[in-house]
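>>> Here is a sequence with its predicted model. Questions after.
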Amino acid sequence: MLPLVRGLYLADRVDVDPVTRNLTLIECFRRLLIEHLPGEPRPFAVVAYLANGVGTYQFVVRVTRLDTMAEVYSTGGEVVFPNRLEEVRFVLRVGGCVFPDKGEFEVSLWVGGELLAQTPFRVKQRSQKELQ
Amino acid sequence: MNHNNCTSDSLDSPLFEFSDTDGTAEVLPPQPLTAANLLRLMRERIKYYGAPLPDGYVPPPGIDIAELLKQVPWPPAA
């Protein structure tokens, strides 16, 4: 049985409280401003809340541009669900995604080879005015 | 109002943190585009670009793009 995704978010930063382990998502966004294109933005985070899984799953996070359907970034790893009732929090910090151009992109989360969630966002080049 | 007795934590909730810069997440090579994934992207693309495919799009080998186009709501009904 595949886990369910209760939410998939993009955020500039995610803070994890060292004592309480509470998550704080900072600056959740739908538009990513980049100084130079092609280029890398500042690191950002992909956050998901997963439930109803049991055991170990391979995950893949993909970034795809919607104008050409080309995949521009892909990374993977492993998450472990202790039992079905436990909600698992997933944080991926992305620092090496190069965006080839402005436009519409999507982040998709795949678990066990199946698409669980996707969220679109827009990449825009930061204007000179915004740079100042 | 005194909130001193209010506390919260997530100590019982598993948290998995990954980063592509410290090696906890593995950067993967691009995967070949499957027909199912292309169909999903075509449907998504209509929302933003008004058409399921870019002009001159060449599908990956083995994908029947005409068959996929029958499955997307395109062109929009008059």
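Right, received. Where do you want to start? Numbering: from 1, shown residues only, chains lettered A, B, ... in the order given.
>>> Quick check: closest non-adjacent residue to B:P52.
B:M42 (3.8 Å; C-beta to C-beta, 6 or more residues apart in numbering or on different chains). The C-beta positions use only the backbone N, C-alpha and C, and glycine is treated the same way.
>>> check contacts around the one you found.
If you count contacts by C-beta atoms under 8 Å, 6 or more residues apart in numbering or on different chains, B:M42 has them with A:69, B:52-53, B:68-69, B:72.
>>> Next: B:W74.
Under the criterion of C-beta under 8 Å, 6+ apart, the neighbours of B:W74 are B:46, B:51-52.
>>> Mind checking what helix or strand follows the helix or strand bottoming out on mean pLDDT in chain B in sequence?
Every helix and strand in chain B was compared by mean pLDDT, DSSP states H and E; the lowest is helix B:35-49, with a mean of 91. Later in the chain than helix B:35-49, the nearest helix or strand by DSSP states H and E is helix B:65-69.
>>> Please name every helix or strand in contact with that next one.
helix B:35-49 (3 or more C-beta pairs under 8 Å, 6 or more residues apart in numbering or on different chains; DSSP states H and E).
>>> Please identify the buried residues of the helix it packs on?
Buried residues in helix B:35-49, counted by 16 or more other C-beta atoms under 10 Å in any protein chain shown: B:35, B:37-42, B:44-46.
>>> And for stretch B:63-75?
So, applying 16+ other C-beta under 10 Å, buried residues of stretch B:63-75: B:65, B:68, B:72, B:74.
>>> Check those residues against A:Y49 and report the nearest one.
B:V72 (30.5 Å; C-beta to C-beta).
>>> so what's that closest one up against?
By C-beta under 8 Å, 6+ apart, B:V72 lies in contact with B:39, B:42-43, B:46, B:52.
>>> is the lengthiest strand in chain B anywhere near chain A?
When chain B is parsed with DSSP state E, its longest strand is strand B:15-19. Yes - legend: contact between strand B:15-19 and chain A by C-beta under 8 Å from any C-beta of the partner chain is shown at B:15-19.
>>> In its sheet, which strands sit next to that strand, and in what direction?
strand A:88-94 (parallel) (DSSP bridges).
>>> What helices and strands are in contact with the helix or strand following the partner strand?
Downstream of strand A:88-94, the first helix or strand assigned by DSSP H and E is strand A:103-111. Under the contact criterion of 3+ C-beta pairs under 8 Å, 6+ apart, strand A:103-111 touches strand A:4-16, strand A:44-51, strand A:55-65, strand A:114-125, helix B:35-49.
>>> Now flag whichever of the contacts of B:V72 is closest to chain A.
Chain A has its nearest neighbour among the contacts of B:V72 in B:M42, at 7.8 Å by C-beta to the nearest C-beta.
>>> Good, we can wrap up now.
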